[in-house]
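Enquirer: sequence first, then the predicted structure:
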Amino acid sequence: MRVVVNGESRDLPDEATVVDAVSALGASQATRGIAVAVDGEVVPGGCWAERVLAEGESVEVVHAVQGG
């Protein structure tokens, strides 16, 4: 199935979850310092493995960075 991850179209397996989308970016599956929204709705870190994605959904993965 095709979804948009951080503005880029990606092929993910059917029944892919938020964890699969985060992994597709090469990011750690650890939820600390990472926020994810699917079609503009934030998905809590504890729900990533259960949140199944649908064809055409848009996933935004944001990494927190420290600095000033």
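Expert: Cool, got the structure.

Enquirer: quick check: buried residues in stretch 2-11?
Expert: 3, 5, 10 (16 or more other CB atoms under 10 Å). Every residue, glycine included, has its C-beta placed from N, CA and C.

Enquirer: is the first one in a bridge, and if so with what?
Expert: Listed beta-bridge partners, residue 3: residue 10 (assigned using DSSP bridges).

Enquirer: wait, it touches residue 14, no?
Expert: No. In this structure residue 3 lies outside contact range of residue 14 using CB atoms under 8 Å: 11.2 Å.

Enquirer: related to what we said a few turns ago, what's the closest of the buried residues of stretch 2-11 to residue 39?
Expert: Residue 39 lies nearest to residue 3 out of the buried residues of stretch 2-11, by CB to CB, at 10.1 Å.

Enquirer: distance to residue 40 and pLDDT added to the buried residues of stretch 2-11, as JSON lines?
Expert: Listed next are the buried residues of stretch 2-11 as JSON lines, based on distance: CB to CB, whole Å; pLDDT from 0 to 100:
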{"residue": "3", "distance to residue 40": "14", "pLDDT": "97"}
{"residue": "5", "distance to residue 40": "14", "pLDDT": "95"}
{"residue": "10", "distance to residue 40": "18", "pLDDT": "95"}
